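[1] I'll drop the sequence and a predicted model, then ask my questions.
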Amino acid sequence: MKLATIGVGNAGSKIIDRMLEFEDKTGRSLCRHVLVINSARTDLAKPDYVPEDRRILIGDTHKKAKGHGVGGDVEVGAEVAKHDIDEIRRAFDDVEIHEVDAIIVAAGLGGGTGSGAGPVVIEELQKMYDEPVYGLGILPGEYEGGRPALNAARSLQSFVQKVDNFIAFDNDAWRSRGQTIEEGYEQMNRELAVRIVTLLAAGEIDETDVAENAMDSSDIMRTLDTDGVSSIGYASTTISNDADDGLLNRFREDEKPVGDATDAAKIKGLVRRAVNSRLTIPCEVTSADRALIILSGPSELISRKGIESARQWLENEADTVDILAGDDPRPNASELSAVVLLSNVTETPRVDEIQSQAVDAQDKIAELEAAREEEINELITDEDDELDPVV
Amino acid sequence: MKLALIGVGHAGSRIVDRALERELETGRDLCNGNVLVFDTAADAFDDITHVPSDCQVRFGDIHPDVDADGVGGDPDLGVTVAREDVQELRRAFDAVDFNDVDGLLLVAGLGGGTGGGAGAVLLEELQAICDKPIYALGVLPEADEPDRCALTASRALQSFVEIADNVICFDNDAWRSTVSYTDTAESEADRPYDELDRTVVSHVLTAFGASESAAMTTAAENRIDASDITRTLETGGVSSIGRATLELDRSDDGRSWLPSWLPLPSWLEGDAVDGPADAAEVKRLVRRAIDSQLTLPCAVDSTYRVLVVLSGPPTAVSRKGFESARYWLEQETGTVEVLAGDEPRPDASTLTATVLLSTVTDVPRIDALQERGRTAAEAADESESGDAEFVW
Ligand SMILES: Nc1nc2c(ncn2[C@@H]2O[C@H](COP(=O)(O)OP(=O)(O)O)[C@@H](O)[C@H]2O)c(=O)[nH]1
Ligand SMILES: Nc1nc2c(ncn2[C@@H]2O[C@H](COP(=O)(O)OP(=O)(O)O)[C@@H](O)[C@H]2O)c(=O)[nH]1
Ligand SMILES: [Mg+2]
Ligand SMILES: [Mg+2]
């Protein structure tokens, strides 16, 4: 598949940058067009792989932004994007849209820029193009607190309404104890990039390579065409490239003559591991509407029988017959990987949690706002209001 | 956030002067040279060393009631002379490039005639000519100062809160116990303000100057931008700042600073598993920041919005710990509007947590000040009816 890739806000831009890094390191060419959009000038300077002229600053004339971000205010994020929509549109002038199959917009939903401006950008893209527009959205962790939960719960609604599919990533599920601030989200962002690029880059070479089983872009787009929320599972195994041992050594471990049956079992095992692994957003697998399995790696390692039995296994597991399975031949890959897309999953406990945290936050905010002026006034005046201000 | 610094009166001018000194010491550029100090007294700027002399403005000195000591502590006179000289004050603002800053901070001793009186007029003027946020830093008088100072401060606070977008307070009284006051003070005029001023300035600089440090060579994971600070303060009223610092141990390899509680990376020490200590320690540091002496002591759960900045070597901060600390702050302050950010200072040997509590509304210290203010007002009324003029 060929993509136009857009990152909005700090998290969104970092994710896009990691996607570019991963495709660069693995020789893929998924992202044909790249753009990052931010209201904070300093955040725009962060990406390593995004060309300078593909970064746009919005809201630099807005009173509450002025190039310094939107302070986590989702309303202001949406406002500045609407105000600068012409500039955003102009950034697409040189995008040859017929060269891409779809557009993806990445954003963190807990802040202000990605969560507020993201949906505005998507709405505009939907107006401009017939190609599907997908969202890649990061959900904030519980410990980020009530405000990010409220931003995310509101933004999620806008995203899901406007996109053709919303691929979700749950920061809480990927939080780990050891990370320092410096490592920050780096590791999580890489994990997400591996998944999204491995999934969507399948079929990018469908015109040149004619592997009979190869997945093509239309298969992926078909699976994504559910308007719902999706989750991705992934597993991989290293292939030894040691010339003496032979290419297949590591994968086939110590078994000498490898029969087709063993190969098939391994493929199925890998797919199984992908589904049972940490998904981008934890969900009830049976609640998926459609699913897609892609095996990415050297063709000779991907057994046709294995793919078929993996597909059957998932049919059972996900309780849907709408499952496509195929391979993404990567002759020089150092890994064999399985990526599974679960499309339109409806049982995602984390989304429910965020929503209830958001409702509490909204109530709390309203309660405080109602009392604020009165409380300030009480503080600055004496009990009987006898003292006068100096001016 | 870039803030123009405007000092008014003796306290205001001295604190602004200290802030410039501190900028040099820490490499944090808060005001970008946009600075002005105003006073009515003749010797006002004698001990000012960092504010350039063409940024020092003496006004009101032709008014018959103003002598070498300025307005003599009378805030109404302070207001009168500021209004009379308003053209001159406006001209002085030409020295400030409002486009070069994200906001303004007017600093004044609220108990003073110049700071509390003329300061309010200057705030009005600034609001009229500049569309950026105008904040004030108001210093509250000590308990052993005359009641009339409490009266002036109570009245000035009302005006400051009404005019400024937010008033950060510093309570001299709460902090005097932290300096050996009686030992060094030889007279009323010789209070050991240096120590207090250093304290107020370091709090203000870490809260507002996060992300303005020259030493910040690495990008923050979640940078505190001017908009984050502005949004935190937009609820108005009175605010307070807390701060705590943790000394870090230098790790053996000499490559980086590691806090003693952070488990060594596995390549240094076998397969060290991370214990809960790292997270707990960051949380404890943030907790200390609000449990310690705040610039204005207040009930923390009366806060409307919170900003927390963790400043130090990014390798020493557990992200999980920082998240838990933020969550804890949300519980403690009872507001969901808690913005958090980091300020990476790779070579620092300390980790500092600064917490800005915006719009605190339960402040016993201010109630007490008003009580004393009323006593002074009643005394003034009595002396007036007794035909004797109330002397400031
Ligand atoms: N996975 C991941 N999440 C992030 C990262 N940075 C921020 N976040 C999340 O994204 C949300 C929005 O933050 P940010 O992107 O900085 O705000 P914005 O720039 O205003 O959109 C936060 O609440 C976090 O949940 C990142 O690098 N990776
Ligand atoms: N922290 C601090 N407070 C001061 C300083 N000088 C005066 N104060 C306080 O500020 C109040 C006003 O005093 P001052 O600034 O001299 O009056 P003004 O010049 O008329 O505004 C006093 O009542 C003290 O509480 C100072 O240098 N530092
Ligand atoms: Mg974002
Ligand atoms: Mg930001």
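    Sure thing, it's come through. Ligands and ions are numbered 1, 2, ... in the order given.

[2] Just want the most central residue of the chain.
    Going with chain A. Nearest residue to the geometric centre of chain A (Cα atoms, centre = their mean): A:Leu136, 3.2 Å.

[3] not what I meant, chain B
    Residue closest to the mean C-alpha point of chain B, counted by Cα atoms, centre = their mean, is B:Val204 at 4.2 Å.

[4] So for the host helix or strand of A:Leu368, mean pLDDT?
    Taking DSSP states H and E as the definition, A:Leu368 sits inside helix A:349-380. In this model, helix A:349-380 carries a mean pLDDT of 98.

[5] And ligand 1, is that helix touching that?
    No. Applying Cβ under 6 Å from any ligand atom, one finds helix A:349-380 separated from ligand 1 by no less than 10.7 Å. For glycine as for every other residue, the C-beta is placed from the backbone atoms N, C-alpha and C.

[6] could you say what helices and strands that helix packs with?
    In terms of contacts (3 or more Cβ pairs under 8 Å, 6 or more residues apart in numbering or on different chains; DSSP states H and E), helix A:349-380 is packed against strand A:133-139, helix A:146-162, helix B:147-163, strand B:238-247.

[7] for these, which one ends up most surrounded?
    With neighbours taken as mean count of other Cβ atoms under 10 Å in any protein chain shown, those reach their highest mean count in strand A:133-139, at a mean of 27.

[8] quick one: contacts of it?
    With Cβ atoms under 8 Å, 6 or more residues apart in numbering or on different chains as the test, strand A:133-139 has contacts from A:11-12, A:15, A:102-110, A:114, A:118, A:122, A:125-126, A:152, A:155-156, A:159-160, A:162-172, A:192, A:196, A:224, A:281, A:350-351, A:354.

[9] Which of the residues you listed are buried, as a ChimeraX select command?
    A single ChimeraX command is used to select the members of the contacts of strand A:133-139 judged buried by 16 or more other Cβ atoms under 10 Å in any protein chain shown:
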select /A:11,12,15,102,103,104,105,106,107,108,109,110,114,118,122,125,126,152,155,156,159,160,162,163,164,165,166,167,168,169,170,171,172,192,196,224,281,350,351,354
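
[10] How about stretch A:364-375, which residues are buried there?
    Going by neighbour count (16+ other Cβ under 10 Å), the buried part of stretch A:364-375 is A:364-365, A:368, A:372, A:375.

[11] and which of these is nearest to ligand 1?
    The shortest approach to ligand 1 among these belongs to A:Ile365, at 16.8 Å (Cβ to the nearest ligand atom).

[12] Leaving out chain neighbours, which residue sits closest to that closest one?
    Using Cβ to Cβ, 6 or more residues apart in numbering or on different chains and skipping the chain neighbours, the partner closest in space to A:Ile365 is B:Val336 (6.4 Å).

[13] Just the pLDDT for that neighbour.
    97.

[14] Pull the number of nearby residues for the closest residue to ligand 3 within the stretch 51-200 of chain B.
    Per Cβ to the ion, B:Asp102 is where the stretch 51-200 of chain B lies closest to ligand 3, at 21.6 Å. By other Cβ atoms under 10 Å in any protein chain shown, the residues close to B:Asp102 number 21.

[15] A:Ile58 contacts A:Asn38, correct?
    Yes. A:Ile58 is in contact with A:Asn38 according to Cβ atoms under 8 Å; the separation is 7.3 Å.

[16] just to revisit the earlier point, mind checking pLDDT for the residue nearest to the centre of chain A?
    98.

[17] Show me the beta-bridge partners of it.
    Beta-bridge pairing for A:Leu136 (DSSP bridges): A:Ala106, A:Ile167.

[18] With A:Ile167 as the reference, measure out to it.
    Going from A:Leu136 to A:Ile167 by Cβ to Cβ, to the nearest Å gives 5 Å.

[19] Same check on A:Gly9?
    16 Å.

[20] care to break chain A down by domain?
    As recorded under automatic domain parsing, the domains making up chain A are A:3-200, A:219-343.

[21] Of all these, which one is nearest B:Asp291?
    domain A:3-200 (19.8 Å; Cβ to Cβ).

[22] Show me where the stretch 251-392 of chain B dips below the pLDDT cut-off.
    B:251-277, B:385-392 (pLDDT under 70).

[23] Would you map the strands across it?
    Here the stretch 251-392 of chain B has its strands, by DSSP state E, counting those that start in this stretch, at B:257-258, B:303-312, B:338-344, B:350-360.

[24] looking at the ones you listed, which is closest to ligand 2?
    strand B:350-360 (19.0 Å).

[25] rewinding a little: got TSV for the helices and strands packed on helix A:349-380, with distance to ligand 3 too?
    Shown next, in TSV, are the helices and strands packed on helix A:349-380 (distance: least, Cβ to the ion, whole Å):
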stretch	distance to ligand 3
strand A:133-139	7
helix A:146-162	10
helix B:147-163	35
strand B:238-247	28
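
[26] now the ones you listed in a markdown table, with distance to A:Asp24?
    Converted to a markdown table, the helices and strands packed on helix A:349-380 look like this (distance: least, Cβ to Cβ, whole Å):
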| stretch | distance to A:Asp24 |
| --- | --- |
| strand A:133-139 | 18 |
| helix A:146-162 | 28 |
| helix B:147-163 | 55 |
| strand B:238-247 | 39 |
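
[27] Where does the stretch 151-300 of chain B get nearest to ligand 2, residue-wise?
    Proximity to ligand 2, evaluated over the stretch 151-300 of chain B using Cβ to the nearest ligand atom, is greatest for B:Tyr193 at 3.4 Å.

[28] so what pLDDT did the closest residue to A:Phe92 other than its chain neighbours get?
    Leaving aside its sequence neighbours, A:Phe92 sits nearest to A:Met128 (Cβ to Cβ, 6+ apart; 6.7 Å). For A:Met128, the pLDDT comes out at 94.

[29] I figured A:Met128 hits A:Arg90, correct?
    No. With contact defined as Cβ under 8 Å, A:Met128 does not reach A:Arg90; the gap is 11.4 Å.

[30] For the two, indicate the residue with more neighbours.
    Taking neighbours as other Cβ under 10 Å, A:Met128 and A:Arg90 compare with A:Met128 leading, 14 against 11.

[31] In the sheet, which residues pair with A:Leu292? Tell me.
    Assigned bridge partners for A:Leu292, using DSSP bridges, are A:Leu324, A:Leu341.
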